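Undergrad: Let's see this in three dimensions:
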Amino acid sequence: MPVAHEESPTGRPALRPAVMLGALGIVYGDIGTSPLYAFKEAVRAASAGAPPTPIAVTGAVSLILWSLILIVSIKYAVLILRADNRGEGGIVAMLALLGARNAKPGSWAGVLLVVGLIGAALLYGDGAITPAISVLSAVEGLKVEAPALSRFVVPITVLILVGLFLVQSRGVAFIGRIFGPVMLVWFVVLALLGLGGIWHAPQILAALNPLKAVEFLTHAGWHVSFAMLGAAFLAVTGGEAMYADLGHFGAGPIRASWFGLVLPALVIHYFGQGALLLVEPDAIENPFYRLSPDWAHYPLIGLATLATVIASQSIISGAFSLTQQSIQLGFLPPMRVVHTARLERGQIYVPMVNWLLAAATLSAVLIFGSSDALAGAYGIAVASLMAITTLLAALVALKWGYNPVAVLAVNGFFFAIDLVFLGANSVKLFEGGWFPLMLAGLVAFLMLTWRKGNQLVEAARVALRQPEAEFLEQLRRDPPIVLPGNAAFLSSATSAIPLHLSRFVARSHALHKRVLIVTARYEEEPTVARDRRAEVIAITPDITRVILRYGFMEDASVPDGLRCAVESKRLPPECIDDLTIFIGHETIIPKSDQRGMATWREEIYAFLLRNAERTGAHFCVPTRQLVEVGTEIEI
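TA: Numbers count the residues shown, from 1 in each chain. Sure thing, here's the model as predicted:
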């Protein structure tokens, strides 16, 4: 959930307590709730079904500790956060930074775009699994205190998740105020529980030595080692949120929150769970809840459930933000985007994504039924995404002129770690890893189909558009009837005459007194200043081309853009008086020939186009000013 942040005199978000507190709930909700299941799964994998041994427990704690240090602290907090696109982060922002949107098919840039879109699609797979495993693992605390309630765990989880998705349409502003304080309490409780465990078995501190992890992994056998690596990776899932939420808080507050509270609390807690298992090996059933005093079980279940709801909310809001960016850059069809906060641009609700995500999340709960089963489905999508992020970050560093040898050494090191974890998680493909990959594959396929279809349609438009000179000559040769008022014709190109303009003149033999040809373009930067919004080019005294530019984090409002052109004195005020806005309504006719895509993919593209948000609504055009002109296009 994006929030407004204060800025320092340098233009960067200030390191104020309120900003850091907000980052706790929004950035660290996912990774902060990993102790509910990550350590348990790692020790179970290390023990291969047997009671946990001290060397397995110590090795698991050491592996988690150094994974948090290497992957989250060094890779993300120190390095990846530097790859910002004018302050914005996330894999789509990185693709924009690399200029991959307009890559030609078959080129290296085209391959890069495909890889990046797969990475973006993996975030949707992660978004379906995270709420399911987080809330399920919290509610499973009932099994510890009251085993008779075990059969109610799944129904309670489903009710919580249904309620969570139902309230999305109201926005998250009313929840946002308690995000940070609740997560602050959560991390403090994690640390206190961990300290209690360490007090009873301080020998667990031997896990500070990374050789404890290496020793166990090298002697346990490849099968056990891979299983343990895949399970321990659950402790670092959620680290990607640091980069995805970069634009909402800035690198400074995100780093300060991580190193100042989140990392110490997580490390202390994992050490505490390890200490508990050294003393009570039978606590492996649920070491998180067994670490707490008996009197604190029910309050802890309530706090854990609230923390996992916050973590889930953050993932859902992140999916909304990713969808908006993907629509603006042309990777997904236009969808209805509802702004739920007047003063905070990033607080949005996307109904279609909300209900598809709800269906996927509830399916995961009902199919897998427990956090143990879902653990097999969780890591593979995130591990793939982290490897893609490392690769794209290396390309960004090279583009910015960093030493290639240093880039290869540093990013190559982290890429190798990513591949190890990806390989470890890949063995869980048939244990549930197929689920998020199936979702990600479907989303990536739709993204690539939509982009390819748009390219084919634009190529068809280019072939059908009249050149400006030819259109103007036609007007001189056969002057149309002059209609009162002004007209604006929306166009996807910055040259030639829009199809619906030439079609309108040809069929009506009329044209308005003053005509604007308006193109709204999304630039590969988050926002565009208002003084750069409009470019005005006079074609004739009565026909003017207006190019409006928007960032990929903005809504392209054509009426607002035209007002901006008037405010900057690039257009006279009378140009937007009594304005009728014409758009082309295109019907796609798939053809079974060798051009373009397979016919069945063209049918899917046509279906997506028919069900996309109306062009007028997408560009914020009031219905009373709108006229659609139909055109058929074959692809």
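
Undergrad: Now do the contacts for the nearest residue to Ala304 once chain neighbours are set aside.
TA: Distances taken as CB to CB, 6 or more residues apart in numbering place Ala138 nearest to Ala304, at 4.0 Å, with adjacent residues excluded. Backbone N, C-alpha and C define where each C-beta goes, glycine included. When contacts are counted by CB atoms under 8 Å, 6 or more residues apart in numbering, Ala138 is found next to Thr33, Leu36, Ile301, Ala304, Thr305, Ala307, Thr308.

Undergrad: Show me what counts as buried in the helix or strand the third one falls within.
TA: Assignment of secondary structure by DSSP states H and E places Ile301 within helix 297-328. When burial is assessed from 16 or more other CB atoms under 10 Å, helix 297-328 yields the following buried residues: 297, 300-301, 303-328.

Undergrad: for Val518, phi and psi?
TA: When read as degrees, to the nearest 10, the backbone of Val518 gives phi -110, psi 130.

Undergrad: Tally up the residues packed near it, please.
TA: Around Val518 there are 23 other residues, counting by other CB atoms under 10 Å.

Undergrad: same thing with Asn486?
TA: The tally of other residues near Asn486 (other CB under 10 Å) stands at 19.

Undergrad: which SSE is the residue nearest to Ala304 in?
TA: Per DSSP H and E: Ala138 is located in helix 108-139.

Undergrad: just checking, what packs against the helix or strand just after that helix?
TA: Following helix 108-139 in sequence order, the next helix or strand is helix 141-145 (DSSP H and E). When contacts are defined as 3 or more CB pairs under 8 Å, 6 or more residues apart in numbering; DSSP states H and E, helix 141-145 sits against helix 153-166, helix 287-290, helix 297-328.

Undergrad: for the record, mean pLDDT for stretch 134-150?
TA: For stretch 134-150, the per-residue pLDDT values average out at 84.

Undergrad: okay, the nearest residue to Asp282 once chain neighbours are set aside: pLDDT?
TA: Spatially, and ignoring its direct neighbours in sequence, Asp282 is nearest to Pro51 (7.4 Å; CB to CB, 6+ apart). pLDDT, Pro51: 86.

Undergrad: how about Pro51, secondary structure?
TA: Classification of Pro51 by DSSP: H, G, I helix; E, B strand; the rest coil places it in coil.

Undergrad: Who are the contact partners of it?
TA: Residues near Pro51 by CB under 8 Å, 6+ apart: Pro281, Asp282, Ile284.

Undergrad: any chance of these in CSV, with pLDDT, neighbour count and distance to Val536 too?
TA: What follows is these, written out as CSV (pLDDT from 0 to 100; neighbours: other CB atoms under 10 Å; distance: CB to CB, whole Å):
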residue, pLDDT, neighbour count, distance to Val536
Pro281, 92, 17, 75
Asp282, 91, 9, 75
Ile284, 91, 19, 70
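
Undergrad: Go through the residues you listed and flag which are in strands.
TA: Of the positions in the contacts of Pro51, not one sits in strands, assigned by DSSP state E.

Undergrad: Among those residues, which one sits closest to Leu65?
TA: Ile284 (19.0 Å; CB to CB).

Undergrad: Give me the contacts around the helix or strand where Val57 lies.
TA: Assessed by DSSP H and E, Val57 sits inside helix 54-67. Applying CB under 8 Å, 6+ apart, the contact partners of helix 54-67 are 38-39, 42-43, 46-47, 204, 206-210, 212-213, 215-217, 220, 228-229, 232-233, 235-236, 267, 270-271, 273-274, 277-278.

Undergrad: 6 Å - rerun?
TA: Here helix 54-67 makes contact (CB atoms under 6 Å, 6 or more residues apart in numbering) with 42-43, 46-47, 206-207, 210, 212-213, 216, 232, 235-236, 267, 270-271, 274, 277-278.

Undergrad: Give me the next element, helix or strand, following that helix.
TA: Using DSSP H and E, the helix or strand that follows helix 54-67 in sequence is helix 91-97.

Undergrad: for that next one, what is the average pLDDT?
TA: For helix 91-97, mean pLDDT rounds to 84.

Undergrad: quick one: contacts of that helix?
TA: So helix 91-97 is contacted by Asn85, Gly116, Gly119, Ala120, Gln325, Ser326, Leu392, Val396, Glu524, Phe552 (CB under 6 Å, 6+ apart).

Undergrad: For it, output the C-alpha coordinates as PDB.
TA: What follows is helix 91-97, C-alpha atoms only, in PDB (Å, rounded to 0.1, in the frame of the first residue of the first chain):
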ATOM      1  CA  ILE A  91      10.700  -5.200 -11.600                       C
ATOM      2  CA  VAL A  92       8.400  -3.300 -14.000                       C
ATOM      3  CA  ALA A  93      10.200   0.000 -13.100                       C
ATOM      4  CA  MET A  94      13.500  -1.800 -13.800                       C
ATOM      5  CA  LEU A  95      12.200  -2.900 -17.200                       C
ATOM      6  CA  ALA A  96      11.300   0.700 -17.900                       C
ATOM      7  CA  LEU A  97      14.800   1.800 -16.800                       C
END
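
Undergrad: what comes up buried for that helix?
TA: Residues of helix 91-97 classed as buried by neighbour count (16+ other CB under 10 Å): Ile91, Val92, Ala93, Met94, Leu95, Ala96, Leu97.

Undergrad: Equivalent analysis for stretch 215-228, please.
TA: Residues Phe216, Leu217, Ala220, Val224, Ser225, Phe226, Ala227, Met228 are the ones in stretch 215-228 that count as buried (16+ other CB under 10 Å).

Undergrad: burial count for the residue nearest to Ala393 when sequence neighbours are not counted?
TA: Ranked by CB to CB, 6+ apart and with sequence neighbours excluded, the top spatial neighbour of Ala393 is Ala83, at 5.0 Å. Other residues within reach of Ala83, judged by other CB under 10 Å, total 22.
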